[in-house]
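**Student:** Everything below, folded, please.
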Amino acid sequence: MLLRLLRILWVITRYRLDTLIPAERLPWVLRTLLRLSPLRLVPIGERNRGERLRLALESLGPIFVKFGQVLSTRRDLLPEDIADELKRLQDQVPPFPGHEARVVVEEELGLAVTEAFARFDPEPLASASIAQVHGARLHGGEEVVVKIIRPGIERVMRQDMALLYRFARLLALVPEARRLRPVEVVRDYEVTLFDELDLHKEAANTSQLKRNFKDSAHLYVPGIHWELTRQRVMVQERIYGIPVADVAALRAQGTDLRKLAERGVEIFFTQVFRDNFFHADMHPGNIFVSRQHPHDPQYIGIDCGIVGSLTREDQDYLARNLLAFFHQDYYEVAALHIESGWVGENTRANEFAAAIRTVCEPILEKPLKDISFGQVLLGLFQTARRFDMEVQPQLVLLQKTLLNIEGLGRQLYPELDLWQTAKPYLERWMEERAGVKGLWASLKRQAPELSHRLPELPTLAHQVLLQAELEKRQRRRQGEALGGIRRQLEHQGRRGRRLRLGLVLLALALAWQPLAEWAGGQPWPALAAAALGLALLAWH
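**Tutor:** Reported below is the predicted structural model:
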């Protein structure tokens with residue numbers, strides 16, 4: 001752990017990442033410490049800031065590379081030179097040697113590479129943070145890609161996760177940061193990240209996504225060769241599309257970029273609401289566009305290692321919130337937050353609604369190029385501090401995916417209005433969910449269970465009535481027992497009062513002689529006060 005922490009500090013020093021901190025925005029104390037830092041003695045070198053940041057993230061391993069991949073899609077939040085460099089993290093991470101890839105394949109398949117494939121390319125097609133992909137051909141002549149997990153990557157990831165947990169626990173000690181639930185967020189991130197190390201899970205996710213979009217004109221998912229897929233090796237159909245980030249190539253073939261951008265939004269909402277199964281790693285390195293039918297473009301999705309799903313309650317909550325935003329019904333948004341427990345139960349809906357209106361009003365009825373959803377989220381979080389709002393870990397993946405969708409939309413068609421594209425879909429989904437169609441679908445879904453339970457209804461009804469009668473008798477016995485206890489306590493109270501009165505009278509009798517002599521020399525007010533005091537003592 002200590003060695004890993006020292007390495008992180010060394011990488012920060014080597015690439016002078018301190019120069020990326022906007023010192024002018026820091027408090028004067030931190031500005032002073034930054035100016036006096038010994039890091040300033042280390043030369044910056046000839047590399048620009050974007051290249052230094054990219055090389056530092058590559059040196060630190062997959063968790064940091066993933067962070068850079070997410071940042072690379074947010075050109076509205078980053079300077080252009082940094083965004084261009086981070087874009088290379090999507091599929092241009094330095095590869096591991098081809099002979100190591102062959103060793104992993106042979107260990108996993110239990111076959112020589114020549115037995116499994118008619119051809120295996122030693123040079124990778126692409127290299128990412130956790131795995132890399134090699135081209136190959138099966139003996140039947142089909143072109144495929146072979147995805148291989150990096151050797152030794154799990155050990156490094158566990159060290160980094162341990163550091164993240166420590167940082168999250170420290171962050172949780174800060175009252176303002178506690179609402180972000182940092183430990184829970186890191187725990188969810190750990191689960192999704194380590195799921196990527198098991199290619200069996202990715203293959204299963206890919207098959208599910210392919211089934212959900214079977215015969216779809218919007219999204220194509222390449223098939224899996226299960227007989228050659230293992231935990232660290234996955235063999236998949238090879239595709240020949242244009243990377244979605246290569247806008248120049250898309251324009252050159254005459255792709256309808258507006259339709260492409262709108263379909264990206266529709267695919268996302270279809271996955272979240274219709275299928276409740278969404279691709280949660282939708283950075284441009286994992287998305288291609290088919291070369292066929294450029295006027296009716298089709299996406300090609302790969303790398304389904306990270307997927308997400310929501311409960312029915314989360315789906316309803318999210319859809320109602322988004323529709324309330326679209327209709328500018330900020331009171332409904334506030335009420336939904338209070339109802340779901342995201343903010344304190346003592347929060348006043350009208351005050352919270354006014355705060356939300358201040359932040360969110362500017363985003364509606366504007367093209368995407370004028371809207372930064374990331375800035376809106378940041379503004380909402382800052383506003384919600386006054387209302388003790390907490391980040392919900394189960395929605396972190398969804399938030400990240402939506403940010404990726406926004407970044408992708410900016411690259412393809414800056415005029416795309418994300419809200420107007422999504423609004424009709426959500427209205428249609430809510431109508432189907434809550435209307436007659438939704439009721440009929442729910443009845444059909446529950447019909448087998450209802451038909452199975454129907455013959456048992458008389459027995460169940462008898463059991464319910466019997467249980468109700470037993471509970472009624474038990475409540476009556478409990479009432480009688482409580483009444484007996486109450487009467488016993490009252491009797492004991494009366495006995496206690498009689499005992500105290502007797503003791504007072506006995507004490508008066510024994511002390512009568514000296515009291516009579518004392519009373520003879522006292523004025524009447526003193527005697528009256530003494531008598532009142534004795535009376536109160538006896539009554540108590």
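**Student:** May I see the buried residues of the one helix or strand residue 260 maps to?
**Tutor:** Element membership of residue 260, judged by DSSP states H and E, is helix 257-269. For helix 257-269, burial by neighbour count (16 or more other Cβ atoms under 10 Å) applies to 257, 259-269. All C-beta atoms are positioned from the backbone trio N, CA, C, and that covers glycine.
**Student:** Between all of these, which two are separated the most?
**Tutor:** Farthest-apart pair in the buried residues of helix 257-269 is 257 and 269; separation 19.3 Å (Cβ to Cβ).
**Student:** out of all of them, which strand in this protein is the longest?
**Tutor:** strand 119-127 (DSSP state E).
**Student:** Show the average pLDDT along the helix or strand just after that strand.
**Tutor:** Next in sequence after strand 119-127, counting helices and strands by DSSP H and E, comes strand 131-137. Averaging pLDDT along strand 131-137 gives 95.
**Student:** Give me the contact list for strand 131-137.
**Tutor:** 93, 95-96, 98, 101, 117-127, 143-150, 196, 199, 235, 238 (Cβ atoms under 8 Å, 6 or more residues apart in numbering).
**Student:** what angle separates the helix or strand just after it from strand 119-127?
**Tutor:** Using DSSP H and E, the next helix or strand after strand 131-137 towards the C-terminus is strand 143-149. Relative orientation of strand 143-149 versus strand 119-127 (axes from the mean of the first three to the mean of the last three Cα atoms, to 10 degrees): 60 degrees.
**Student:** Show me what strand 143-149 is packed against.
**Tutor:** Under the contact criterion of 3 or more Cβ pairs under 8 Å, 6 or more residues apart in numbering; DSSP states H and E, strand 143-149 touches helix 98-109, strand 131-137, helix 199-212, strand 233-237.
**Student:** can you do 10 Å?
**Tutor:** Under the contact criterion of 3 or more Cβ pairs under 10 Å, 6 or more residues apart in numbering; DSSP states H and E, strand 143-149 touches helix 98-109, strand 119-127, strand 131-137, helix 199-212, strand 233-237.
**Student:** That strand: which residues count as buried?
**Tutor:** Result for strand 143-149 [16+ other Cβ under 10 Å]: buried residues 144-149.
**Student:** Also stretch 9-24?
**Tutor:** Within stretch 9-24, the residues scored as buried using 16+ other Cβ under 10 Å are 11, 15-17.
**Student:** Could you identify the least confident member of the residues you listed?
**Tutor:** Of all the buried residues of stretch 9-24, residue 17 has the smallest pLDDT value, namely 78.
**Student:** element containing the nearest residue to that one once chain neighbours are set aside?
**Tutor:** Computed as Cβ to Cβ, 6 or more residues apart in numbering, the closest residue to residue 17 that is not its neighbour in sequence is residue 56, at 5.8 Å. Residue 56 belongs to helix 49-60 when elements are defined using DSSP H and E.
**Student:** Now stretch 130-150 - C-alpha only, CSV.
**Tutor:** Extracted C-alpha coordinates of stretch 130-150, given in CSV (Å, rounded to 0.1, in the frame of the first residue of the first chain):
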residue,chain,number,x,y,z
ILE,A,130,-7.9,-3.7,-18.7
ALA,A,131,-7.7,-5.7,-21.9
GLN,A,132,-6.5,-5.6,-25.5
VAL,A,133,-8.0,-7.0,-28.8
HIS,A,134,-6.3,-9.1,-31.5
GLY,A,135,-7.6,-9.9,-34.9
ALA,A,136,-7.9,-13.6,-35.8
ARG,A,137,-9.6,-16.0,-38.2
LEU,A,138,-11.4,-19.2,-37.3
HIS,A,139,-10.8,-22.4,-39.2
GLY,A,140,-14.2,-22.0,-40.8
GLY,A,141,-13.0,-18.8,-42.4
GLU,A,142,-14.9,-16.3,-40.1
GLU,A,143,-13.1,-13.2,-39.1
VAL,A,144,-13.2,-12.6,-35.3
VAL,A,145,-11.5,-10.5,-32.6
VAL,A,146,-10.0,-12.0,-29.5
LYS,A,147,-10.2,-9.9,-26.3
ILE,A,148,-7.5,-10.7,-23.7
ILE,A,149,-7.3,-9.5,-20.1
ARG,A,150,-3.9,-7.8,-19.2
